[in-house]
Each structure stands twice: as structure tokens, then as C-alpha cells.
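Student: One predicted model, sequence on top.
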Amino acid sequence: MINSDIIRGHLESVILKLIIEKDMYGYEISNCIAERTQDRFNIKEATLYSVIGRLQKKDLIAPYMGEKSHGGKRRYYKITPLGLAYYEQKLTEWTEIKDVLETLLEDKS
């Protein structure tokens, strides 16, 4: 399992990336994260909805009610134009951070 402190600062970017790929509901986002990391990282429900709430407040994602399925309607989230621009900015930052960390942590022996 990956320490959640390491990923915490990037959860907004991760969730935005998934919603850019396709509109999703909360449980689907959680499952997708677990699946893509081969269960090395599982986002807690409270953390997931806290991040989703922040993304909504910043107008980066927008909720809508989906079709009725398995007993009820689900709240889906879609990316907004502002959200797409924000994600692209965060992706650029991530690339820079990754390069710096690789430079600092690579074996120089």
C-alpha cells in the first residue's frame, strides 16, 4: 500500500484526470483508482467526497443526476472548461516536480 500522504497533494489532479476521460460518479472514481493502482492505493470515501466538494466549489467539475440504475439515480461529475485548464496546469507542475525529484533521488554513484 502507498502512503496516502504522498498522494494527497495530487488527488485533485487524479480525480480530474478520471473525469476528463469520462463522466463518473463517486464510487466509480474510487474503484477506478484502486483498479489502476492494482489496489496499491485506495482512496477513503470521506477523502474522495472532500476532494469532490473542493473541485465543485472551484467550478472545476459540475454534478448532474444520471439515469436510474440499480435502485436509484447517481450523481455524476463532468469536467468544466475551467477544470480542464486547471488540470493542464497541474499536469505541467507534476512534470516539473517529477523531473526535480528524479534528479535529486537518482543514484549518482
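Tutor: Nice, thanks for sending it over.

Student: do you know how far Thr95 is from Pro63?
Tutor: Taking C-beta to C-beta, to the nearest Å as the measure, Thr95 falls 30 Å from Pro63. C-betas here are computed from N, CA, C, even on glycine.

Student: Between those two, which has more neighbouring residues?
Tutor: Using other C-beta atoms under 10 Å as the criterion, Thr95 and Pro63 rank with Pro63 on top: 14 against 10.

Student: Quick check: that one touching Tyr76?
Tutor: Yes - with contact defined as C-beta atoms under 8 Å, Pro63 counts as touching Tyr76 (6.9 Å).

Student: Report the rounded mean pLDDT for stretch 64-77.
Tutor: Mean pLDDT, stretch 64-77: 84.

Student: From one end of that stretch to the other, what's the distance?
Tutor: Start-to-end span of stretch 64-77 (C-alpha to C-alpha, to the nearest Å) is 6 Å.

Student: what do you get for stretch 28-42?
Tutor: Length of stretch 28-42, first residue to last, C-alpha to C-alpha: 12 Å.

Student: Against which helices or strands is the helix or strand harbouring Leu82 packed?
Tutor: In this assignment (DSSP states H and E), Leu82 forms part of helix 81-105. If contacts are counted by 3 or more C-beta pairs under 8 Å, 6 or more residues apart in numbering; DSSP states H and E, helix 81-105 sits against helix 11-21.

Student: Outside of the following helix or strand past the helix it packs on itself, list whatever touches it.
Tutor: On the C-terminal side of helix 11-21, the closest following helix or strand by DSSP H and E is strand 24-25. Strand 24-25 is contacted by residues 18, 32, 66, 74-77 when judged by C-beta atoms under 8 Å, 6 or more residues apart in numbering.
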